[in-house]
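In: coords below, sequence missing:
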């Protein structure tokens, strides 16, 4: 079998495959279009006994273009056993059985020939086996037990429910696989709730399991109560405006889910409560001109993008202001250091001048005392002569 573009003629297919010497003469026995591959699957018959190892996995068309894959159906018993082991491994990895594989073959409209049966079976198998792979790409759910306070390694109920709801809505795997993933992430009281639901209704859908868990572990507040709490929310001290907006959005989603507010009014309610509750970001609200946009409020993503851009601008401006202030501070410190050095030099010079004056004064005083001691005796002698003269006159 080969897979070719839709507009390729039968003769071109036969001529291209006959370029493979080990196939010999080739005849087309059937064709079927695959919507998933957007190509035709062509079943061919060869007159020669074909060994799989003698046939290339691709063949280039005669007229050029992209290579066609070549698939050998049938083959030796060893090849059949290898195919069976690969098929069993694939089914085991996907959680399927041979009974599930049999259900892929239509029973209401039997094929008109063995060729059509093979083509239809291969096409259905390709379509069915790719869907679990798409669902399998979704990450595993974190554990949830319903125990309070939340044990380490587990998610709170709100976070777990959000992830589980996304898994149920977005993955394309079967409801049975979705239920298996939900049950695999539960333990303790939460697992007991789902077991009770399954006991009451063995065919309960994944959404019914989530609804039962929400009724057991979710908030018991009504939509009106949640809306009233939403209207009282305010920005906390030190909380960024973007963080406050995300907190508003989580509360608003719960309000809408409980029927406290129509989904069509969510943008208006979000903007009004942001303006009312953002008590620490008045300047940013003015710069974003949000009060003027009440008539046409932005959605959550637009609003979050604008606020984060403004916050980044404010942060960069504060960093620039801090660096400029640091430069000024360093300049002032350098100036003060220079002044201190000048004062120290002046004080040192004054000290030297004072020391010189004190030294000179001491020398002058010593000279004076020395002169005084030399001139003192004659004065005493004159006084003695005067006294003797007075005595003589008497």
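Out: On my side now, so go ahead. These numbers come from a predicted model, not from an experiment.

In: could you look up the SS state of residue 297?
Out: Assigned by DSSP: H, G, I helix; E, B strand; the rest coil, the conformation of residue 297 is coil.

In: please shift the residue numbers so they start at 56 in all later answers.
Out: Shifting the count to begin at 56 puts that one at residue 352.

In: burial count for it?
Out: Residues near residue 352, counting by other C-beta atoms under 10 Å, number 18. (Each C-beta comes from the backbone N, C-alpha and C, glycine too.)

In: was I right about it contacting residue 322?
Out: Yes: using C-beta atoms under 8 Å, residue 352 is in contact with residue 322, at 4.3 Å.

In: pLDDT below threshold where in the stretch 306-449 of the chain?
Out: Within the stretch 306-449 of the chain, the ranges that satisfy pLDDT under 70 run 378-387, 418-449.

In: run the last query once more with 90
Out: For the stretch 306-449 of the chain, the stretches with pLDDT under 90 are 309, 312-314, 334-343, 369-449.

In: what about the helices in it?
Out: Assigned by DSSP state H, counting those that start in this stretch, the helices in the stretch 306-449 of the chain fall at 321-332, 337-343, 355-448.

In: show me what the shortest one is packed against.
Out: Helix 337-343 sits against helix 355-448, with contacts defined as 3 or more C-beta pairs under 8 Å, 6 or more residues apart in numbering; DSSP states H and E.

In: and what of the first one?
Out: Contact here means 3+ C-beta pairs under 8 Å, 6+ apart; on that basis helix 321-332 packs against helix 278-286, helix 296-312, helix 355-448.

In: contact partners of it?
Out: Here helix 321-332 makes contact (C-beta atoms under 8 Å, 6 or more residues apart in numbering) with 285-286, 288-290, 299-300, 303-304, 307, 311, 316, 340, 345-346, 348-349, 352-355, 358.

In: which of those count as buried?
Out: Those of the contacts of helix 321-332 that meet the buried threshold are 285, 288, 290, 299-300, 303-304, 307, 311, 316, 340, 345, 352-353, 355, 358, by 16 or more other C-beta atoms under 10 Å.

In: of all the residues you listed, which two lie farthest apart?
Out: Using C-beta to C-beta, the pair of the buried ones among the contacts of helix 321-332 lying farthest apart is 311 and 340, separated by 24.2 Å.

In: can you give me the neighbour number for residue 375?
Out: When neighbours are defined as other C-beta under 10 Å, residue 375 has 10 of them.

In: ugh, wrong one, residue 228
Out: For residue 228, using other C-beta under 10 Å, the count is 20.

In: let me know the secondary structure of it.
Out: Assigned state for residue 228: coil (three-state reduction, three-state DSSP).

In: what's the distance between it and residue 296?
Out: Going from residue 228 to residue 296 by C-beta to C-beta, to the nearest Å gives 40 Å.

In: for residue 401, same thing?
Out: Residue 401 sits 56 Å away from residue 296, going by C-beta to C-beta.

In: now residue 140
Out: When distance is defined by C-beta to C-beta, residue 140 is 60 Å away from residue 296.

In: who's more crowded, the two?
Out: It is residue 296, of residue 140 and residue 296, that has more neighbours when counted by other C-beta under 10 Å, with 21 against 10.

In: check contacts around the closest residue to the more buried one other than its chain neighbours.
Out: Counting by C-beta to C-beta, 6 or more residues apart in numbering, residue 336 is the residue found nearest to residue 296 once chain neighbours are left out, at 4.4 Å. Going by C-beta under 8 Å, 6+ apart, residue 336 touches 290, 296, 299.

In: Three-state assignment for the first one, please.
Out: Translated: residue 290. coil.

In: wait, doesn't it sit right on residue 334?
Out: Yes: Residue 290 is within contact range of residue 334, at 5.5 Å (criterion: C-beta under 8 Å).

In: could you find the closest non-adjacent residue to residue 244?
Out: residue 201 (4.0 Å).

In: right, I mislabeled it, should have said residue 281
Out: Excluding the flanking residues, the one nearest residue 281 by C-beta to C-beta, 6+ apart is residue 310, at 4.6 Å.

In: residues in contact with the one you found?
Out: By C-beta under 8 Å, 6+ apart, the contact list for residue 310 reads 278, 281, 282, 285, 316.

In: same deal with residue 196?
Out: Shown in contact with residue 196 (C-beta under 8 Å, 6+ apart): 215, 218, 219, 222, 236, 237, 239, 240.

In: roughly how far apart are the second one and residue 316?
Out: Residue 218 sits 24 Å away from residue 316, going by C-beta to C-beta.

In: do the first one as well
Out: In this structure, residue 215 and residue 316 are 24 Å apart, going by C-beta to C-beta.

In: cool, and the third one?
Out: From residue 219 over to residue 316 the distance is 24 Å, taken as C-beta to C-beta.

In: now residue 273
Out: Note on residue 273: its distance to residue 316, by C-beta to C-beta, is 18 Å.

In: for residue 57, same thing?
Out: Residue 57 is 58 Å from residue 316, by C-beta to C-beta.

In: repeat that for residue 122.
Out: Relative to residue 316, residue 122 is positioned 58 Å away (C-beta to C-beta).

In: ditto for residue 197
Out: 29 Å.

In: what's the answer for residue 100, then?
Out: Per C-beta to C-beta, residue 100 is found 66 Å from residue 316.

In: and the closest residue to residue 115 other than its chain neighbours, how many neighbours?
Out: In space, and not counting its chain neighbours, residue 115 is closest to residue 122: 5.3 Å by C-beta to C-beta, 6+ apart. Using other C-beta under 10 Å, residue 122 has 11 neighbouring residues.

In: kindly report the same for residue 73.
Out: Close neighbours of residue 73, defined as other C-beta under 10 Å, add up to 16.

In: so for it, what's the pLDDT?
Out: Per-residue confidence (pLDDT) for residue 73: 85.

In: that one contacts residue 82, doesn't it?
Out: No: taking contacts as C-beta under 8 Å, residue 73 lies outside contact range of residue 82: 9.8 Å.
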